[in-house]
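Undergrad: Build me a model:
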Amino acid sequence: MTNRKIQNMLVELNERLQRIEKHTDNSLIPVHTWADSQQICESFKISKSILGNYRNRGMIPYSKVGGKTYYRLSDIEDLLTANLICNQQEQEEELEDIND
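TA: Numbers count the residues shown, from 1 in each chain. Here you go, the predicted structure:
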């Protein structure tokens, strides 16, 4: 398959996706999905103390209702994205920064 054919297929796929997006009812997508501390800890295999540490350091916004703490999943995703290490070089640089 030539690069030209691949490029044409990608253009066609993009056009199809745009048509689908126009007909999608975005009102059915929840604006925010919330999870409590236990759900976050279980999902990401972290302890409640680590989650509390992130919360206390202001790394993760939260809401408290009746003594129970809730987190927006979009905020958790933002934290993970902000700390994403994309390649080996970035990982090595991160380790150098820690060791300096």
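Undergrad: all helices of this protein, in order?
TA: For the chain, applying DSSP state H gives helices covering 3-23, 37-44, 48-56, 73-82, 88-99.
Undergrad: Next, report how far the second one is displaced from the centre of its chain.
TA: This means helix 37-44. Averaging C-alpha positions (Cα atoms, centre = their mean, to the nearest Å) puts helix 37-44 15 Å from its chain's average.
Undergrad: returning to what we had before: for residue 67, find the nearest of the helices of the chain.
TA: helix 37-44 (11.0 Å; Cβ to Cβ). Backbone N, C-alpha and C define where each C-beta goes, glycine included.
Undergrad: mean confidence for that closest one?
TA: The average pLDDT for helix 37-44 rounds to 92.
Undergrad: ok, and for it, which residues are buried?
TA: Buried positions in helix 37-44, judged by neighbour count with 16 or more other Cβ atoms under 10 Å: 37, 40, 41.
Undergrad: returning to what we had before: can you tell which of the helices of the chain is closest to residue 65?
TA: Residue 65 lies closest, by Cβ to Cβ, to one member of these: helix 37-44, at 12.1 Å.
Undergrad: Next, the angle helix 73-82 makes with that closest one.
TA: Between the axes of helix 37-44 and helix 73-82, defined by axes from the mean of the first three to the mean of the last three Cα atoms, to 10 degrees, the angle is 40 degrees.
Undergrad: Convert helix 37-44 to PDB, retaining C-alpha atoms only.
TA: In PDB, the C-alpha atoms belonging to helix 37-44 read as follows (Å, rounded to 0.1, in the frame of the first residue of the first chain):
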ATOM      1  CA  SER A  37     -11.600   7.500  47.700                       C
ATOM      2  CA  GLN A  38     -12.000   3.800  47.800                       C
ATOM      3  CA  GLN A  39     -12.800   3.500  44.100                       C
ATOM      4  CA  ILE A  40      -9.800   5.700  43.200                       C
ATOM      5  CA  CYS A  41      -7.500   3.700  45.400                       C
ATOM      6  CA  GLU A  42      -8.700   0.300  44.000                       C
ATOM      7  CA  SER A  43      -8.500   1.500  40.400                       C
ATOM      8  CA  PHE A  44      -5.000   2.900  40.600                       C
END
